[in-house]
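Colleague: What follows is a predicted structure for the sequence shown.
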Amino acid sequence: MKALNALAICTMLAAPSIASAQFTKPEFAIKYRQSTMFIQGQHFGRIGAVVKGTRPYNQDEVVQNAMIVEEMSKLHWPAFGPGTDQGAPTRALPAIWKEPDKFQAAGKRLQEEVQKLVATAKGGDQGQLKAAFGAVGQACDGCHEDYRKD
Ligand code: ASC
């Protein structure tokens, strides 16, 4: 029983490996990362509306949106694996596959900024929320500039 529990814990600790799921076709990886980016953008945008004042502030809502962004921010990166530079229409630039370490580091940076956004959202300070939102936006834009067409 103890051994089984240990196995269960090991499996949980290894959970990030779920994000490195194998894609059976390059087009699935492309569709997957476009989908996770889309969901991320939708929920990030809802926080943006609050920050810009076009949507009323509701802390629970902001926290929930930030947590969805956080979950999405973990998922994109394994979907940029070797051979997924083509197979479906994509704006992903070849630089992603030429400098994968730099690209993955940019992904890490986004995840770190998003984690700060979640913590800030939970803190409930609207001034800090604006700053944390801006930092995430910069991480998005920085990466898009180098690695996305347009
Ligand atoms: C989005 C989206 C981006 C980023 C960026 C942040 O929702 O589609 O590319 O946020 O606009 O500044």
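Modeller: Thanks, I have the structure now. Residues are numbered from 1 along each chain as shown.

Colleague: Can you get me a residue count around the residue lying closest to residue 111 once chain neighbours are set aside?
Modeller: Ranked by C-beta to C-beta, 6 or more residues apart in numbering and with sequence neighbours excluded, the top spatial neighbour of residue 111 is residue 73, at 4.9 Å. (Glycine included, C-beta is placed from N, CA and C.) Residue 73: 26 surrounding residues under other C-beta atoms under 10 Å.

Colleague: Check for me that residue 73 belongs to a helix.
Modeller: Yes - with DSSP: H, G, I helix; E, B strand; the rest coil as the criterion, residue 73 is part of a helix.

Colleague: quick one: pLDDT of it?
Modeller: Note for residue 73: predicted pLDDT of 98.

Colleague: when you give positions from now on, start the count at 862
Modeller: Shifting the count to begin at 862 puts that one at residue 934.

Colleague: Assess the claim that it and residue 971 are in contact.
Modeller: Yes - in this structure, residue 934 is within contact of residue 971 by C-beta atoms under 8 Å, at 5.4 Å.

Colleague: Quick one: neighbours of residue 1011, just the number.
Modeller: There are 4 residues near residue 1011, going by other C-beta under 10 Å.

Colleague: which residue packs closest to it, ignoring adjacent ones?
Modeller: Counting by C-beta to C-beta, 6+ apart, residue 1011 lies nearest to residue 952, which is 6.3 Å off, once chain neighbours are set aside.

Colleague: now swap in residue 933 and tell me
Modeller: Leaving aside its sequence neighbours, residue 933 sits nearest to residue 901 (C-beta to C-beta, 6+ apart; 3.7 Å).

Colleague: got the residues of this structure near the ligand?
Modeller: Contact residues, the chain versus the ligand (C-beta under 6 Å from any ligand atom): 902, 905, 906, 998, 1001, 1002, 1005.

Colleague: What residues of the helix or strand hosting the residue nearest to residue 933 count as buried?
Modeller: Assessed by DSSP states H and E, residue 901 sits inside helix 887-913. Judged by neighbour count (16 or more other C-beta atoms under 10 Å), helix 887-913 contains these buried residues: 887, 889-895, 897-898, 901, 904-905, 907-909, 911-912.
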